[in-house]
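Chemist: please find the sequence and the predicted model below.
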Amino acid sequence: MGKVNLISACLLGLVPTCLGTRAILFATSEERDGEVGGTSSFEKTAACPNPVKVEAGYVCKCDAAQCGSLVLPTPAVGQALIVQSAYNAGFFMPEVVQTTKRAAGKKRSRGQAVLKATDRTPSWARVPILGFGAAFTDAMAYNYAKLTPEVQDVLIESLFGASGSGYSTGRVHAGSCDFSRMDYHLVNSSADYQKGEFCLRDDREANAPCGVDYKTRPILAAQATLQAAERPELKLFVSAWSPPTWLKDYNFSCEVEKGNNRCDLGAAAPAIACDATVAIPCSDNPMGTRCPQQPVDPTTDCPETSCGTFSDFMYPGMKNDLVGTEMIAHNAHGNCYFAGMLSDDLAKQQAWADILVSFVEAYQELGIPVWGMTVQNEPLTQTGLWNANFGTPELQASFVKAALGPALRKRTPSVKLMIHDDATTDLLSFAGKVLDDKEAAAYVDGVGYHWYNTLEGLYENSSSLNPVAPLTIDYIPWVGGAAYVRTISERLAPDGKFTMMTEACNGFMLGNDGYVGSKPGEWGYGFSYSHDIMWQLKNGAVGWTDWNMILDANGGPNHAGNQVDAPILVQDADNFHQNPSYFHFAHFSRFVPRGSRLVELTLESCTLRNEAYCHNTVAFVTPVDATPSNSLVFIITNDEVTAVPNYAGGAGTIVYADIAKGQGTLNPGLFTSKEVDYSVGCGDVYASGSLKWKAIATVVIPCGDQPCAC
């Protein structure tokens, strides 16, 4: 993965309205609302029968004896199912209501939103929904293996089963990534890449046996659970972080542009000495400290400048003593898994393509069909802090048309190929350029992208933005770019090609205390997920795949010291906790099955404090052969993005985009309620309800025997 690693205008003290104490900037969502302390009113539901108050809020505890079920009442025609999750109140609280022929009347003290679905699917969303899921990383497999068999079954059921959250996509890495416990590659050979033998392996030991990968165990369990529940098959896609080091080129140089390193080949000398690697599995390194590095050649003495532990991380916008090539060389610390570029040598490109296709074939031999592949994880937004392989759009286009595309078509022709797999801010300048190469584009089925530059959902539906404008500071990463999802989706849709969000996580902001690693119970992390999912789908994405499916209580293991948060955190062998982000995600994944179609909404009436708040709503029509079947599904939110290090509080929120706020923002509730009344419907059928402040609701209106028509 890659983190934004940026310092905001507020933290720089450049925007007066954002100024405040560090306590305000890093307050929890409870402290921001003036509600420090517990509450006895958190509702137990079928989805969360065992809520537990933890560090930052509430989680749901699951063990072999008890875990929630997301099976809900099925509304009849003339009824609607409303499922609401609310901060400090409860998760997945269901209610069945009668539909009406008119929208409900407005209450005096409350604002109201009335939205009506249409029959129109936007031109940028012609490709139906593919699904939702998360990544099967080494860290996920390591934590899964620690659970008892009974709790493993409960975990997989909670994600993929008939009573679970509706996952149907997954991602797996070929070779090591930062969420591995060591560096490794998939070829047992010397630097003579033409004689290497492919070796499927994982991170369990330095000399791991070939043909064994413990990520396959939870994948096979997920497949079996989907089949038993008669749900759609798993759409699994592969991504790679780094080729074997000898297949990369280290004669590169990088310049900083809009806060990110822009690297290219052609330097006179290597930027990095490849003399160290994390060669022994490690799971106890603290946040911000890499696992100990050993010499690449064990017969040599360990270079003091490269081996041992390393914790002197530098990040754009936070700790910028060095920039560009010097920053990457400093951070890589002699580890060439962590830097280098895709080579322009066609023989090396072909060798790398063959390794990737061999990975697909090895999985298929184990009974795991692979649906797709991304060309390269994050070829742009890297800083030398973990496994990486830099690239340019020209290099990626060359690799696709000369090596990877033909290899996939010849050996595994059904595999879908996605380009980019990086920041939204670069969708036009990187993915767009690859698509401009017609020979490369002929092999491309979709464009993958990551959420990080939306900054926890704070900068949704916008072009790329300078967060410290009107100042220009090169080493501060730009944010936003999510509006480009619609641009690329519209370009791809006529040919049946797609965009898909391929990686996201919370707790990714290295250098920002309070927003790194796990944060159990953080409601704001949940809303950041649902807010981003909503706007990515509104802009044409066919799915949203989270990063690590599960992690340990500290957000690891991660051999690069890059621990983050996850919707599920394993506590010990006998239990795990479901974070608020698990339920926010499920408000989409449980109710928007594969084949669903995005439909446009008409805003009939909005009396909220800002019309933008009414647009934090999305609607779908589900297929006949799915659950829910042949229904209209609406997801509505009434919340604000707060779980970011540049949360200013109070008047500081004025500088944020309106869609990142809600009815309770800067509203003490004295004259206008923070709650929202809503009516959503189709034709002359409406469902109405009230949405608490800091809440999300899913509304399901069945269409009966006839196709939904509005």
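Modeler: All right, it came through fine.

Chemist: what helix or strand is Tyr142 located in?
Modeler: Secondary structure assigned from DSSP states H and E places Tyr142 in helix 138-146.

Chemist: for that helix, buried residues please.
Modeler: Counting neighbours by 16 or more other Cβ atoms under 10 Å, one finds that the buried residues in helix 138-146 are Asp138, Ala139, Met140, Ala141, Tyr142, Asn143, Tyr144. Backbone N, C-alpha and C define where each C-beta goes, glycine included.

Chemist: same question for stretch 272-284.
Modeler: Ile272, Ala273, Cys274, Asp275, Ala276, Thr277, Val278, Ala279, Pro281, Cys282, Ser283.

Chemist: and which of the buried residues of helix 138-146 is nearest Gln563?
Modeler: Ala139 (9.2 Å; Cβ to Cβ).

Chemist: Met314 in helix, strand or coil?
Modeler: Per DSSP: H, G, I helix; E, B strand; the rest coil, the local secondary structure of Met314 is coil.

Chemist: leaving aside the residues next to it on the chain, what's closest to it?
Modeler: Nearest residue to Met314, sequence neighbours excluded (Cβ to Cβ, 6 or more residues apart in numbering): Met327, at 5.3 Å.

Chemist: the one you found: helix or strand, and which one exactly?
Modeler: Met327 belongs to helix 324-332 when assigned by DSSP H and E.

Chemist: next one: that helix to chain centre, how far?
Modeler: Taking the mean of its C-alpha atoms, helix 324-332 sits 26 Å from the chain's own mean (Cα atoms, centre = their mean, to the nearest Å).

Chemist: show me what that helix packs onto, helices and strands only.
Modeler: strand 252-257, strand 260-265 (3 or more Cβ pairs under 8 Å, 6 or more residues apart in numbering; DSSP states H and E).

Chemist: from the buried residues of stretch 272-284, which ones fall inside strands?
Modeler: Residues from those lying in strands, with DSSP state E as the criterion: Ala276, Thr277.

Chemist: show the pLDDT at the most centrally placed residue in the chain.
Modeler: Computing the C-alpha centroid of the chain and ranking residues by Cα atoms, centre = their mean puts Ala504 first, at 1.8 Å. The predicted structure scores Ala504 at 98 on the pLDDT scale.

Chemist: wait, it touches His531, no?
Modeler: No. The criterion here is Cβ atoms under 8 Å, and Ala504 misses it with His531 at 11.4 Å.

Chemist: rewinding a little: redo the buried residues of helix 138-146 as JSON lines? Include distance to Asn575 and pLDDT.
Modeler: Supplementary listing: those in JSON lines, determined by distance: Cβ to Cβ, whole Å; pLDDT from 0 to 100:
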{"residue": "Asp138", "distance to Asn575": "22", "pLDDT": "98"}
{"residue": "Ala139", "distance to Asn575": "18", "pLDDT": "98"}
{"residue": "Met140", "distance to Asn575": "17", "pLDDT": "98"}
{"residue": "Ala141", "distance to Asn575": "19", "pLDDT": "98"}
{"residue": "Tyr142", "distance to Asn575": "17", "pLDDT": "98"}
{"residue": "Asn143", "distance to Asn575": "12", "pLDDT": "98"}
{"residue": "Tyr144", "distance to Asn575": "14", "pLDDT": "98"}
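
Chemist: nearest to Thr607, of those residues?
Modeler: Using Cβ to Cβ, Met140 comes nearest to Thr607 of the buried residues of helix 138-146, at 45.4 Å.

Chemist: from Ser242, how far off is that closest one?
Modeler: 19 Å (Cβ to Cβ, to the nearest Å).

Chemist: that older thread, pull the most distant pair out of the buried residues of stretch 272-284.
Modeler: The widest separation within the buried residues of stretch 272-284, taken as Cβ to Cβ, falls between Ala273 and Ser283 and amounts to 27.4 Å.

Chemist: show me the helices in the stretch 451-600 of the chain, by range?
Modeler: Counting by DSSP state H, counting those that start in this stretch, the stretch 451-600 of the chain has these helices, from start to end: 483-492, 523-538, 580-589.

Chemist: quick revisit: quick one: closest of the helices and strands packed on helix 324-332 to Ala651.
Modeler: strand 260-265 (31.2 Å).

Chemist: show me what counts as buried in the closest one.
Modeler: Within strand 260-265, judged by 16+ other Cβ under 10 Å, the buried ones are Asn260, Asn261, Arg262, Cys263, Leu265.

Chemist: partners of it in the sheet?
Modeler: strand 252-257 (antiparallel) (DSSP bridges).

Chemist: return the set of buried residues in the strand it pairs with.
Modeler: Under the neighbour-count rule (16+ other Cβ under 10 Å), strand 252-257 has Phe252, Ser253, Cys254, Val256 buried.

Chemist: pick out the lowest-pLDDT one from these.
Modeler: Scoring the buried residues of strand 252-257 by pLDDT puts Val256 last, at 88.

Chemist: list the contacts of that one.
Modeler: Taking Cβ atoms under 8 Å, 6 or more residues apart in numbering as the criterion, Val256 is in contact with Arg262, Pro316, Val323, Gly324, Asp474, Tyr475.

Chemist: report how many residues lie close to Asp183.
Modeler: Number of residues near Asp183 (other Cβ atoms under 10 Å) recorded here: 31.

Chemist: you'd agree Gly133 is up against Pro567?
Modeler: No. With contact defined as Cβ under 8 Å, Gly133 does not reach Pro567; the gap is 11.2 Å.

Chemist: end to end, how far does stretch 518-528 reach?
Modeler: 15 Å (Cα to Cα, to the nearest Å).

Chemist: ditto for stretch 224-235
Modeler: First-to-last residue span, stretch 224-235, Cα to Cα: 13 Å.

Chemist: same check, this time on stretch 330-348
Modeler: With Cα to Cα as the measure, what separates the two termini of stretch 330-348 is 26 Å.

Chemist: part of a helix, is Pro628?
Modeler: No. In this structure, Pro628 is coil, not part of a helix, as judged by three-state DSSP.

Chemist: report the contact partners of it.
Modeler: Under the criterion of Cβ under 8 Å, 6+ apart, the contact list for Pro628 reads Thr74, Leu81, Phe591, Pro593, Thr622, Val700, Pro702.

Chemist: and the second one, how many neighbours?
Modeler: By the measure other Cβ under 10 Å, the count of residues near Leu81 is 22.

Chemist: returning to what we had before: tell me which strands and helices the helix holding Tyr142 is in contact with?
Modeler: helix 216-228, strand 551-552, strand 568-572.

Chemist: let's go with 10 Å and repeat that
Modeler: With contacts defined as 3 or more Cβ pairs under 10 Å, 6 or more residues apart in numbering; DSSP states H and E, the packing partners of helix 138-146 are helix 149-160, strand 169-174, helix 216-228, strand 543-548, strand 551-552, strand 568-572.
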